[in-house]
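>>> Here is the input, now give the coordinates:
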Amino acid sequence: MHVFIVYAHPSEDSFTRRVRDAFIEGCTATGHSVEISDLYKMNFRTDMSEAEYLRDANFNDTLPVESDVVAEQEKINRCEVIVFIYPVFWTEAPAKLVGWFNRVWSYGFAYGNRSMKSLKKGICICTSGHPIGRLKEYGHLEAMKTVMINDRLFDRVASSEFVVLDGMTKADTERRKNNWKRHLDTAYETGRNL
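Numbering: from 1, shown residues only. Now for the predicted structure:
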């Protein structure tokens, strides 16, 4: 299968980057092809212009779509599986990824008279400083799933998966010993078992 990865992390020296690389290794080990949009490296513009807002707010798919958005939409329509890899910032994806959705999930593509194909699978892999128990206790895990799976992916994918690689705050000196390898193995296996 062809896999499109939307990756959002501002630092190359991050655990999330290692997760991305492990996931790609898992994909390629089983013969899947991979295409990636590294939103920070691309300096993807995430602020919606007034023209883009008016196009979407007025449900007018006859107005032009910016070329950088068209390029992302073409990547989506080439893939069978879309994967989002990102860190959790304040119970949400980084603003760069949120802005990508705001612009790429445009009227006439992701909703309305859709030109976006229905994908076989959507996967969200996020790294979290907090342990999973705390995310559950405060309702953050369900909130994240609601936004990413039930809203952004919704019926655009036949099946979805939400993977949280928790307990990875840099303040935890034990993270390498306790979670590092286990989480990288999970990322690899997720890519391998598409």
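>>> which regions of this structure lie under the pLDDT threshold?
Flagging of the chain using pLDDT under 70 yields the residue ranges 172-177.
>>> Chain neighbours aside, what residue packs nearest to residue 72?
Distances taken as Cβ to Cβ, 6 or more residues apart in numbering put residue 104 closest to residue 72, at 4.6 Å, once the chain neighbours are dropped. Every residue, glycine included, has its C-beta placed from N, CA and C.
>>> Likewise for residue 24?
Per Cβ to Cβ, 6+ apart, closest to residue 24 is residue 34, 5.4 Å.
>>> Work out for me the element the one you found sits within.
strand 33-38 (DSSP states H and E).
>>> Could you list the buried residues of that strand?
For strand 33-38, burial by neighbour count (16 or more other Cβ atoms under 10 Å) applies to 34, 36, 37, 38.
>>> Pull the residues that contact that strand.
1-7, 20, 24, 27-28, 44, 72, 75, 78-79, 100 (Cβ atoms under 8 Å, 6 or more residues apart in numbering).
>>> In PDB, list the C-alpha atoms belonging to that strand.
Written as PDB, here are the backbone C-alpha positions of strand 33-38 (Å, rounded to 0.1, in the frame of the first residue of the first chain):
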ATOM      1  CA  SER A  33       5.700   2.800  -0.200                       C
ATOM      2  CA  VAL A  34       5.900   6.000   1.800                       C
ATOM      3  CA  GLU A  35       5.500   9.600   1.000                       C
ATOM      4  CA  ILE A  36       5.900  12.300   3.700                       C
ATOM      5  CA  SER A  37       5.100  15.900   4.300                       C
ATOM      6  CA  ASP A  38       7.300  17.300   7.000                       C
END
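>>> in the helix ranked longest in the chain, what's buried?
The longest helix of the chain (DSSP state H) is helix 15-29. When burial is assessed from 16+ other Cβ under 10 Å, helix 15-29 yields the following buried residues: 15, 16, 17, 19, 20, 22, 23, 24, 26, 27.
>>> Mind giving me the packing neighbours of that helix?
Packing partners of helix 15-29 (3 or more Cβ pairs under 8 Å, 6 or more residues apart in numbering; DSSP states H and E): strand 2-7, strand 33-38, strand 81-87, strand 119-127, helix 181-192.
>>> tell me the angle it makes with strand 81-87.
Helix 15-29 runs at 160 degrees relative to strand 81-87, counting by axes from the mean of the first three to the mean of the last three Cα atoms, to 10 degrees.
>>> just how off-centre is helix 15-29 within its chain?
Centroid separation between helix 15-29 and its chain, computed with Cα atoms, centre = their mean, to the nearest Å, is 14 Å.
>>> Let me see the contact set for residue 183.
15, 19, 127, 165, 168.
>>> cutoff 7 Å now
19, 165, 168 (Cβ atoms under 7 Å, 6 or more residues apart in numbering).
>>> Alright, I will stop here.
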